[in-house]
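# Sequence first, predicted coordinates after that:
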Amino acid sequence: MKNYADQYLNLEVNGKWLVRALMELVEKDSLIQDNAKFMVISGGLPAYKQEFPELHVVYIYNLLLSVWYYICCTHGMIENGQETYFALADFAGESRPRKFDK
């Protein structure tokens, strides 16, 4: 994940934006339960969805992998995640700026 992210995501420029966007997406997704675990803290420690608003430090590589894991393996591909995956994998559209609530 680290090699891919470093090579293709330009984290120096887009990293903070990407973290905010993914965390906001998880927070607002009512299909993700509050006790859903995401390994976003150093040392492999879990943080739960309900704790996201209070987190001050998030490791981007851990967040990327945790969100991908959630979509594909946890609740994901079997039920609602398949639609999410296809929406994220749709490269036909143009990039658009995203506005955040916070």
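Arrived safely, thanks for sending.
# all helices for the protein, in order.
Taking DSSP state H, the helices of the chain run over residues 2-8, 11-28, 60-69, 81-88.
# Roughly how far does Y69 sit from V13?
25 Å (C-beta to C-beta, to the nearest Å). C-beta: built from backbone N, CA, C; applies to glycine.
# N62 now?
20 Å.
# Equivalent analysis for I32, please.
For I32, the distance to V13 - C-beta to C-beta - is 28 Å.
# ok, those two, which is more surrounded?
I32 (18 against 9; other C-beta atoms under 10 Å).
# Thought E24 was touching that one, still the case?
No. Using C-beta atoms under 8 Å, I32 makes no contact with E24, being 12.0 Å away.
# can you count the residues close to Y59?
Count around Y59 with other C-beta under 10 Å applied: 15.
# gap between it and S30?
26 Å.
# and if you look at M39?
22 Å.
# more crowded one of the two?
Each of M39 and S30 has its neighbours counted (other C-beta under 10 Å); M39 has more, 16 against 5.
# any idea how far that one lies from L11?
For M39 relative to L11 (C-beta to C-beta), the value is 18 Å.
# ok, the closest residue to L9 other than its chain neighbours - contacts?
Nearest residue to L9, sequence neighbours excluded (C-beta to C-beta, 6 or more residues apart in numbering): L18, at 6.8 Å. By C-beta atoms under 8 Å, 6 or more residues apart in numbering, L18 lies in contact with L9, L11, I60, L64.
# try 10 Å
L18 makes contacts with A5, L9, N10, L11, I60, L63, L64, as judged by C-beta atoms under 10 Å, 6 or more residues apart in numbering.
# Can you say which of these are buried?
A5, L11, I60, L63, L64 (16 or more other C-beta atoms under 10 Å).
# Phi first, then psi, for Y59.
Backbone torsions of Y59, given as degrees, to the nearest 10, read phi -90, psi 120.
# hang on, the earlier thing: ok, of the helices of the chain, where does mean pLDDT dip lowest?
Among the helices of the chain, helix 81-88 carries the lowest mean pLDDT, at a mean of 60.
# between the contacts of L18, which is closest to C73?
L64 (14.3 Å; C-beta to C-beta).
# That concludes my questions; thank you for your assistance.
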